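Enquirer: When you get a sec, could you give me coordinates for this:
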Amino acid sequence: MKALLVTTAVIASTGAFAADYQVDPAHSAVTFEVGHLGVSTTVGRFNDFEGSFAYGDDDTTGKVEFTIQAASVDTNHEARDKHLRSPDFLDVKQFPTLTFKSTSFDGEDLVGDLTLHGVTKQVTFEVDKVGEGDDPWGGYRAGFEASTTIKRSDFGVSYFIPGVTDETEIDVYIEGIRQ
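Expert: Modelled structure (predicted):
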């Protein structure tokens, strides 16, 4: 649900960067989880996003920029997805994108500004580097996983709390191609 944006995978701050990477959407995902009526968890994803990142040779410096098309929300239930796109939740006509721009990274925590539903708040993602290396097509890739929990009400989305939990877990799985 307000699910969000999130982003990813890696890193922000200052310093010398080893390389710039473009997010490969075919090998990446942005997902969210919210509780429903105290009896289950609803899982969703965003299908349309783009981003870039860079990180330093020491894996403790970097930067991230990420944009998600809010209308691409997908919970595998068309009626619910239509409601999530409405003014009750994402209000995609007024707020078509969710964005994240990093401000710092210490090797484990990625801090940055998340803009969701027209509200910008600082959030912290816990980041794990999955790996990096040559791909079979002559390129070089790096992958990260990042997670955070936000309160959707902090971003002006309070419809149907507590039926749908205020806390929203966001997970980002990123594979980038070195440019």
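Enquirer: Can you classify the residue of the chain most remote from its centre as helix, strand or coil?
Expert: The centre of the chain is farthest from one residue, Gly138, which by Cα atoms, centre = their mean lies 28.0 Å away. At Gly138 the chain is in coil, as set by DSSP: H, G, I helix; E, B strand; the rest coil.
Enquirer: State whether Tyr173 and Asp24 are indeed in contact, as I suppose.
Expert: No. Using Cβ atoms under 8 Å, Tyr173 is not in contact with Asp24; the gap is 10.9 Å. (C-beta placed from N, C-alpha, C; glycine too.)
Enquirer: The lengthiest strand in the chain pairs with which strands, and in what direction?
Expert: If you go by DSSP state E, the chain has its longest strand at strand 119-134. Using DSSP bridges, the strands paired with strand 119-134 in its sheet are strand 109-116 (antiparallel), strand 140-151 (antiparallel).
Enquirer: picking that back up, can you tell me which residues contact the residue farthest from the centre of the chain?
Expert: By Cβ atoms under 8 Å, 6 or more residues apart in numbering, the contact set of Gly138 is empty.
Enquirer: Please compute how far stretch 141-153 lies from its chain's middle.
Expert: 5 Å (Cα atoms, centre = their mean, to the nearest Å).
Enquirer: Kindly format the C-alpha coordinates of it as CSV.
Expert: Extracted in CSV, the C-alpha atoms of stretch 141-153 (Å, rounded to 0.1, in the frame of the first residue of the first chain):
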residue,chain,number,x,y,z
ARG,A,141,26.8,-6.7,-12.7
ALA,A,142,26.3,-6.0,-9.0
GLY,A,143,23.3,-7.0,-6.8
PHE,A,144,21.9,-5.8,-3.5
GLU,A,145,18.9,-6.4,-1.3
ALA,A,146,17.5,-3.6,0.9
SER,A,147,14.6,-3.4,3.3
THR,A,148,12.9,-0.9,5.5
THR,A,149,9.6,-0.4,7.3
ILE,A,150,7.6,2.8,7.0
LYS,A,151,4.4,4.1,8.5
ARG,A,152,2.2,5.0,5.5
SER,A,153,0.4,7.6,7.7
